[in-house]
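Asker: Predicted model and sequence below, questions to follow.
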Amino acid sequence: MDQLPTKVGVAVEQNLRRALEIFKKIPGSSYIAQYIRKSHQNDPARTLFEFLLFLFALRYFLASKQSYFKRDYLKLSENEVEELIEEWEPKPLISSLSDEDKMLLKEVPVVESASNEKVVIQGSETPELLNLTATDFFSRRNDKEITELAVEKIKYYGVGSCGPAGFYGNEDVHIRCEESLANFLGTQKCILYSQGYSTAPSVIPCFAKRGDVLFVDDAVCMPIQRGIELSRSKVYYFAHNDMKNLEDNLIKANSLYKGRGRIPRKFIITEGLFEYTGNSPDLVKIIELKKKYKARLILDESWSLGVLGRTGRGLAEECGISRSEIDATIGSLATGLGLYGGFCAGSSALVEHQRIISLAYTYSATEPPYLAGCTSYVVDRMAKGVYSQELHDLREKAHHLYTELNKCTEIDLISRPDSPLVIFTLRSNETADDSSASKAVHNVVMTARKNGLLLTRLGQVSQWENFGSLNAVQILLPNSLSVEKVKETAKKIIACVQEAQATN
Amino acid sequence: MSVEEKESVASDFKENGSKISGSIKDYPSLAALNHHEFAELESTNYLYKQQLTEPVKDRTEELVPYYIMLETHFLYLVLLVIGHIRDFIDSIFNQEYRANLKENNGYAPLLTDFDSFYTRRFKQRLQDLFACPTTAVPGREIKVYRRKFIPNSFFEIDEDFWDEEPVSCINLSSYNYLGFAQSVGTCADNAESTVEKYGIVAGGSRFGGGCLDIQEDTENLVAKFVGKEAAMIFSMGYGTNAMLISNLVDKKCLVLSDQLNHASLRTGIRLSGAVIKVFKHNDMDELEKLIREQIAQGQPRSRRPWDKILIVFEGLYSMEGTMCNLPKLVEFRERYGVYLFMDEAHSIGAMGPNGRGICDYYKISPSKIDCLMGTFTKSFGSVGGYIAGDQLLIDHLKVSNLCSVYAEAPAPPALSQIATSIKIISGEINPGEGEFRLRRLAFNSRYLRVGLRKMGFIVCGHIDSPVIPVFLYHPTKMPLTAHKLMEFRIAVVLVGYPATDLATSRIRFCMSAALSKSDLDYVLEKMEEVGDLYRLKVAIGLDGNPAPRARFADFKDTLWKEVLNPKLN
């Protein structure tokens, strides 16, 4: 027993020696040994310090990532955990529908048959209603030439494309359609998305990242709002179409980032024809501001493409601005154009970057080939100016509708006079709270249906809207109505509003 | 295989084969097809009815030798260094290349060096392989236009591919599991008559006038098919997931998400604002630990209990071919009160003896899963996604789901394609045809997978899965393999980052009922050649030694019998 210290000493000595021998066998070990010896000679404290540093590094690398997050976890015994699990009462996945939801549910029309202007909806007392809900202003979906083309394409391509663009889902029609759109808009390239709604939430985060700055109109539609959220950028909201406010924001932001190294990317995001207000911004002024304050412009032309401008090239054409001034044009083809899918047009680098980075493009199947075929057909004809007269007529009719509706004192028309997307709110709602305002809109919509007009409220989900919902009525004016019919319809709408308010 | 087993397989098979006819000529919607879209069945032996086997553990990690991983990382290091050297040289000599990467006249660069590095320096080397344009029906064959490689370009791709005729390849790239991508037959006829009746699009959002009666009818059909009270159809599968999770959970809830969940689910979870915890792919032990820990710990900081805990997972993982462990997840639901969300994008239609997805496969009642999601792009040859659940959930979605209120409603011809294909699968129209397609897909999937495995490829996933990934690992093998297979007229999908991890690049075979056994024999034969040429057959067995590398010629004649054995795992 008394020999133990000696034995231990010998064992330590032997093991150390063996370790040193092994250490010497490692190539380059002599240099390390030399380094340690020298530094110890010069500064013994440094050896200790470096040894501690080494230990710390070792601990840092060996420490699991988990324990860092679990630092502020409560320490519970197994019994306590069991008890807590026993006690835990999860809330139901979906609690019951609110009264508001039930009311909205009644409002959703189920269309039984639709022709150019007449529709039959399920559960309605009126047999045929005038359809004021079709985003397809020119009834292209039932146009004989287009449906024939669609059938022809289905006979060649089938219905679905069965794959994402990167995995053999990009058929020649999709590429032709992208070319048609780029050609029509006058941009280098264009990329096609398979759903209009998913375009903006996917495009915006491709370019705007954390640390970048966005200047956004406060009436932008839901897809842009979601895109902004996903981008994690710093957002400055400016008052709807208020150029002065935009400029103030630009100045403020520029002063914040001045002289602080890397300049952030700055984007102004606005819409050509606002989904929520039916208005257009002063694009000339925006271009001027964007150049002055070195920001880029993302313009959502969902509703303006195929509606505004002589040939339907959107707000840029109407304002006489070259498309090259607008860095990115995004939009849905399902709204103003009345087709399907979404697009983003711009410079080659801007578009090609999206082909692998943009989530909704990379991870989603392409749109049905027959729809891409129909889209390029419509767009090509539009580029040739075939639809110019139709567009002109539609805006004129919209103007008539506006003039007639404007005579009504119970409503506030907020859309621009020549917009076929007409939005109005009820004057009586100005002071009302959200639920009674929603109820009033509901009454107008249901009264109109009783009187043979199918219109809807402006579709919004208030809990997701950044600035609350607007509680407005939306009218989409089909081009197939004659001017007289438009005037008559306007009178009918006014009568419905009055009737709804009287019964309220 | 013992004699007894052989007999039992044979009798099984007789029972299987008795109900359905072997020739596609007996099915009205297949009879009209030409062999470019759907191949004739060579023998009734080549059909298999899916049966429950034990869920297999994902063994990829165990199958890869260490040196392969080392080499792969080294090669990426080389690519990285070369990329940076080229960036440095370009920053001095090639201002044109840098145009979008540098500050210009006070504008920040549109793309940063770092963000676009992968695209510019890695993916650009493969640009001629991705996004090859195709034409015509992606059925048994697919017509592919070849792009040319443009060296030293910044996002440039070959635009002059139109000049050359497209090449016709055996299609193992499209998600055409049941072969419903067809330009003639019942599906196409119905789609055409729908165009005439309803037009080419619905003309509005579901909330605002775009909900046609054909949509409601199809929704009811889908609900019945997946075994839920109600269902809802959206115009895009990605959008369905991306916008749905917000309706189920909020910031007081916890989402437990599988590591390999699809990007759409991850986007959806992020938008919902819920707290996210990720668990290792299919690791049920870790998941259970996590559930217990989280219920006990509650919300961080506020320490209140979670409002809800939602487990988000996929039925069949599209890049791995692995299947979720549904029985275990259902057990957790019952024991802990967590909610289950299953994404059946790839499994619906393709899995289960009746094609009704993972629940059908495991024989678990769909009522045990709170929310079922799936897409129609895959097995049904259409487009869009669905959510199936209780009536209450669907009613809630009708008025407060973002896609339903803001996005365009699905196009009527797509709806008609969905309705027709579902009716065929469930035997409502053209009885026998749906079963024929399902059994053929099941056989084909097993056949190719087992064949590749026997040759020593690293194949991952469940035996019955129609997604068959073969791992390449080395970045250099990606263009080599893809080019060689294209030379052999085999179209497969090349998968790399960002769809998978950087280091686990792979090629993926998507099986289809439209392919015949001789097509698969051809594929196996050529894969053997490619595997020999580029050293792809490197799998090691579970004992750590190299797995047996059988020659295809040796087992070609017996393989079909082997895969009919339901016990094969």
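Answerer: Received, thanks. Residues are numbered from 1 along each chain as shown, chains lettered A, B, ... in the order given.

Asker: OK, contacts around the residue nearest to residue A:381 when sequence neighbours are not counted?
Answerer: Counting by Cβ to Cβ, 6 or more residues apart in numbering or on different chains, residue A:387 is the residue found nearest to residue A:381 once chain neighbours are left out, at 6.6 Å. Glycine gets a C-beta too; all of them are placed from N, C-alpha and C. Residue A:387 sits next to A:138, A:306, A:311, A:312, A:381 when contact means Cβ atoms under 8 Å, 6 or more residues apart in numbering or on different chains.

Asker: Am I right that the first one is in contact with residue A:479?
Answerer: Yes - Residue A:138 sits in contact with residue A:479 when judged by Cβ atoms under 8 Å, with a separation of 5.1 Å.

Asker: So between these two, which is more surrounded?
Answerer: Between residue A:138 and residue A:479, counted using other Cβ atoms under 10 Å in any protein chain shown, residue A:138 has the larger neighbour count: 23 against 20.

Asker: Now for the chain, the helix or strand with the poorest mean pLDDT.
Answerer: If you meant another chain, say so; for now it's chain A. Here the helix or strand of chain A ranked lowest by mean pLDDT, DSSP states H and E is helix A:65-69, holding a mean of 60.

Asker: You answered for a different chain; I wanted chain B.
Answerer: Ranked by mean pLDDT, DSSP H and E, the weakest helix or strand in chain B is helix B:3-19, scoring a mean of 44.

Asker: Would you mind listing the residues touching both of residue A:138 and residue A:479?
Answerer: Shared contacts of residue A:138 and residue A:479, defined by Cβ under 8 Å, 6+ apart, comprise A:390, A:394.

Asker: Dig out what residue B:371 forms beta bridges with.
Answerer: Taking DSSP bridges as the rule, residue B:371 bridges to residue B:341.

Asker: what's it in contact with, if anything?
Answerer: Residue B:371 neighbours (Cβ under 8 Å, 6+ apart): A:93, B:248, B:339, B:340, B:341, B:342, B:387, B:388, B:389, B:393.

Asker: Redo those as JSON lines? Include distance to residue A:117.
Answerer: Converted to JSON lines, the contacts of residue B:371 look like this (distance: Cβ to Cβ, whole Å):
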{"residue": "A:93", "distance to residue A:117": "42"}
{"residue": "B:248", "distance to residue A:117": "39"}
{"residue": "B:339", "distance to residue A:117": "45"}
{"residue": "B:340", "distance to residue A:117": "46"}
{"residue": "B:341", "distance to residue A:117": "42"}
{"residue": "B:342", "distance to residue A:117": "43"}
{"residue": "B:387", "distance to residue A:117": "33"}
{"residue": "B:388", "distance to residue A:117": "35"}
{"residue": "B:389", "distance to residue A:117": "36"}
{"residue": "B:393", "distance to residue A:117": "35"}
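
Asker: closest to residue B:481 among those residues?
Answerer: residue B:342 (32.9 Å; Cβ to Cβ).

Asker: Quick one: residues contacting that closest one.
Answerer: Counting by Cβ under 8 Å, 6+ apart, residue B:342 has contacts B:313, B:314, B:315, B:324, B:326, B:358, B:369, B:371, B:372, B:373.

Asker: Let's see that with 6 Å instead.
Answerer: B:315, B:369, B:372 (Cβ atoms under 6 Å, 6 or more residues apart in numbering or on different chains).
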